[in-house]
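Enquirer: Pasted the sequence and its predicted model underneath.
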Amino acid sequence: MIGLDRTSRWHLVSQLCPACGKFILRLREEYERFAAGGLQGYREHRDILCYPKTSARAQLAPEVPDEYACDYREACLTLADSPKASAALSRRCLQHLLREEAKVKHGNLAAEIQQAIDNGNLPTMLAESLDAIRNIGNFAAHPTKDTATGEIIDVEEGEAEWNLDVLESLFDYYFVQPAILKRKRDALNAKLRDAGKPEMK
């Protein structure tokens, strides 16, 4: 036991992972249960995973470059502890992605999102999802979000999660689907070569 505070009794619970042999550490809070009739005669508890830090979100495809994947993964890992920090990381990642892949001119994030939409290259649903980042994040009321994307500031309900959803969709559009198409094209060209036929252009 770690100790008692005003409401709870705290423990550090450890176990070894059978797969890798490393520790799994949880912080367990035990607390009294209250109901309409007053204090009940048993304790409830909740466990908080301390190590290793994991994310409930799906793993990124290997086609996503590290320059984007690192910020994305960190945004996922910090989501449960700090949606503000997660949103700051995902906004920074989004801005970097739009500048490098959508080739938007450097400006504030809201303007860069608009450029990416106006270019007309994104599928309609993805463009609408991207545009919603400004609305959900209430950029009009919080201009810092689009001028200092890495700053940790208040977020709206669901904003951090939405940012990650949109990043995943953009990763799929810019990296995953083109890689899948290339593998299919390469396989077909190999068959055409074997058959003595001209390859696809």
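Expert: On my side now, so go ahead.

Enquirer: Give me the nearest residue to the residue nearest in space to the middle of the chain, chain neighbours excluded.
Expert: What sits nearest the mean C-alpha location of the chain, by CA atoms, centre = their mean, is L164, with 3.7 Å. Excluding the flanking residues, the one nearest L164 by CB to CB, 6 or more residues apart in numbering is S90, at 5.7 Å. Just so you know, the C-beta spots here come from the backbone N, C-alpha and C atoms, and that holds for glycine as well.

Enquirer: Now do the strand or helix carrying that neighbour: everything it contacts.
Expert: Using DSSP states H and E, S90 sits in helix 83-101. With contacts defined as CB atoms under 8 Å, 6 or more residues apart in numbering, helix 83-101 is touched by 67-68, 71-72, 74-76, 78-79, 104, 106, 109, 112-113, 115-116, 133, 137, 145, 149-155, 159-161, 163-164, 166-167, 170, 174.

Enquirer: Give me the distance from the next helix or strand after that helix to the chain's centre.
Expert: Per DSSP H and E, the first helix or strand lying C-terminal to helix 83-101 is helix 109-118. Chain-centre distance of helix 109-118: 20 Å, with CA atoms, centre = their mean, to the nearest Å.

Enquirer: Name the residues of the helix or strand just after helix 109-118 that come out as buried.
Expert: Downstream of helix 109-118, the first helix or strand assigned by DSSP H and E is helix 124-136. Within helix 124-136, the residues scored as buried using 16 or more other CB atoms under 10 Å are 126-127, 129-131, 133-134, 136.

Enquirer: Domains in the chain, by residue range?
Expert: Domain assignment for the chain by automatic domain parsing gives 3-51, 66-178.

Enquirer: Nearest to K197, out of the ones you listed?
Expert: domain 66-178 (24.4 Å; CB to CB).

Enquirer: What average pLDDT does that closest one get?
Expert: Domain 66-178 carries an average pLDDT of 88.
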